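Student: I'll drop the sequence and a predicted model, then ask my questions.
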Amino acid sequence: MKFIRPKFWLNKNLLSYLLYPFSIITLCINGYKKTFIKKKFSIKTICVGNINVGGTGKTSLAIKIYKILNKDFKTVFVKKKYRDQKDEIRLLKKNGNTISEKYRINALINAQKEKYKVAVLDDGLQQKNISYNIKIVCFNSAEGFGNRFLLPAGPLRENISELKKYDIAFINGEKKNSRLYSDIKSINKSIKIFEGRYKPINLHHINKKDKYFMFCGIGNPEEFENTLNRYHIKIKDKKIYPDHYKMSSHEIKKIKKISKKRSLTLITTEKDFLRLEKNDREGIKFIKISFEINKFKNFKKLLLSKI
């Protein structure tokens, strides 16, 4: 789904209350999903998802988990195939074995046939007819639950009470959010909570003396901009597109012309860069991110204990 997160999702206001009756539709759909019979698989399944729409770091965490497990177990990414999320599939394929199907159950059946031992699912917590071995929910540290309303009045894909059913929570981003930590624990006392940070790993390709024009189409562009600022990359202009937005060659030529006129270098995320046509990538810098986990050894030990 291509969209830019509306500001009213952060706080309760007139617009969110006007849309609140439509959130009942989301509530009913989620209630219906709970009636499905859960399918179990012989392959171990780890679902990394969120209850907020976009920008919570689930793909970055899924890649990190894959790298941890693939050393000892034959591991595969499983991703539901969406027309507008080819960028995420490309990113997963770049980092490991990936099976992408229209239906996650079919992808898991294929993973079993190919003798994989562990499947790491990027998204899927709202699919209630799969019995996952480990359920991990991600949050953006700056936004938390937002205004706590379900779509479309707020950012929530499901009620926060669903946290009772999840094993691990990740609070991702630079901002410390002790309130979110407490709120999660108040709903699920036994859930294990970890923190994640985004660390650029290709800064040697970035000239910090240059001035940059930032563009991206991701769920949380503010976090990307904050990362650039934190590493003293000078952003003089920016263009934000909807999440998963695929820029046309015409649009690329247009921002290249603008940036050249102002003596700015174009910079974007790795996910956005992979979304571009190869012919359009020339002259564009991208930031490759490593996902760093606070108390990494504790997380790795917990993860392996459940496999």
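Tutor: Yep, that arrived.
Student: Show me the domain layout of the protein.
Tutor: 7-197+292-305, 202-287 (automatic domain parsing).
Student: With mean pLDDT and mean neighbour count added, can I get these in CSV?
Tutor: All C-beta atoms are positioned from the backbone trio N, CA, C, and that covers glycine. Listed next are the domains of the chain as CSV, based on pLDDT from 0 to 100; neighbours: other CB atoms under 10 Å:
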stretch, mean pLDDT, mean neighbour count
domain 7-197+292-305, 96, 18
domain 202-287, 96, 17
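Student: Can you check my assumption that residue 88 lies in a helix?
Tutor: Yes - membership of residue 88 in a helix is supported by DSSP: H, G, I helix; E, B strand; the rest coil.
Student: elements contacting the top strand by length along the chain?
Tutor: Using DSSP state E, we find that the single longest strand of the chain is strand 192-200. Here strand 192-200 touches helix 58-69, strand 168-172, helix 178-187, helix 221-230, strand 289-293, helix 296-305, going by 3 or more CB pairs under 8 Å, 6 or more residues apart in numbering; DSSP states H and E.
Student: That strand pairs with which strands, and in what direction?
Tutor: strand 168-172 (parallel), strand 289-293 (antiparallel) (DSSP bridges).
Student: out of the helices and strands packed on strand 192-200, nearest to residue 127?
Tutor: helix 58-69 (14.0 Å; CB to CB).
Student: Could you dump the strands paired with strand 192-200 into TSV with distance to residue 114 added?
Tutor: Converted to TSV, the strands paired with strand 192-200 look like this (distance: least, CB to CB, whole Å):
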stretch	distance to residue 114
strand 168-172	27
strand 289-293	26
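Student: for these, which one sits closest to residue 62?
Tutor: Comparing these by CB to CB, strand 289-293 comes nearest, at 9.2 Å.
Student: what angle separates that closest one from helix 58-69?
Tutor: 70 degrees (axes from the mean of the first three to the mean of the last three CA atoms, to 10 degrees).
Student: begin at 44 from here
Tutor: Sure thing, new numbering starts at 44, so read that last one as strand 332-336.
Student: Would you mind getting the angle between strand 332-336 and helix 264-273?
Tutor: Going by the same axes, to 10 degrees, strand 332-336 makes 90 degrees with helix 264-273.
Student: contacts for strand 332-336?
Tutor: 100, 103-104, 106-107, 237-244, 270, 312-313, 342 (CB atoms under 8 Å, 6 or more residues apart in numbering).
Student: so that strand versus helix 339-348, what angle?
Tutor: 80 degrees.
Student: from the middle of its chain, how far away would strand 332-336 be?
Tutor: Its chain's C-alpha centre and that of strand 332-336 lie 13 Å apart, by CA atoms, centre = their mean, to the nearest Å.
Student: same check, this time on stretch 113-127
Tutor: 14 Å.
Student: Put the alpha carbons of it into PDB.
Tutor: Taking Å, rounded to 0.1, in the frame of the first residue of the first chain, the C-alpha atoms of stretch 113-127 are listed here in PDB:
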ATOM      1  CA  ASN A 113      21.700 -19.400   9.000                       C
ATOM      2  CA  LYS A 114      25.200 -20.200  10.500                       C
ATOM      3  CA  ASP A 115      23.700 -23.300  12.200                       C
ATOM      4  CA  PHE A 116      20.400 -24.000  10.400                       C
ATOM      5  CA  LYS A 117      19.300 -24.000   6.800                       C
ATOM      6  CA  THR A 118      17.200 -20.800   6.900                       C
ATOM      7  CA  VAL A 119      14.900 -19.100   4.400                       C
ATOM      8  CA  PHE A 120      13.100 -15.800   4.300                       C
ATOM      9  CA  VAL A 121       9.300 -16.000   3.600                       C
ATOM     10  CA  LYS A 122       7.600 -12.900   2.200                       C
ATOM     11  CA  LYS A 123       4.000 -12.600   1.000                       C
ATOM     12  CA  LYS A 124       4.100 -11.300  -2.600                       C
ATOM     13  CA  TYR A 125       2.600  -7.800  -3.000                       C
ATOM     14  CA  ARG A 126       2.800  -5.800  -6.200                       C
ATOM     15  CA  ASP A 127       4.000  -2.700  -4.400                       C
END
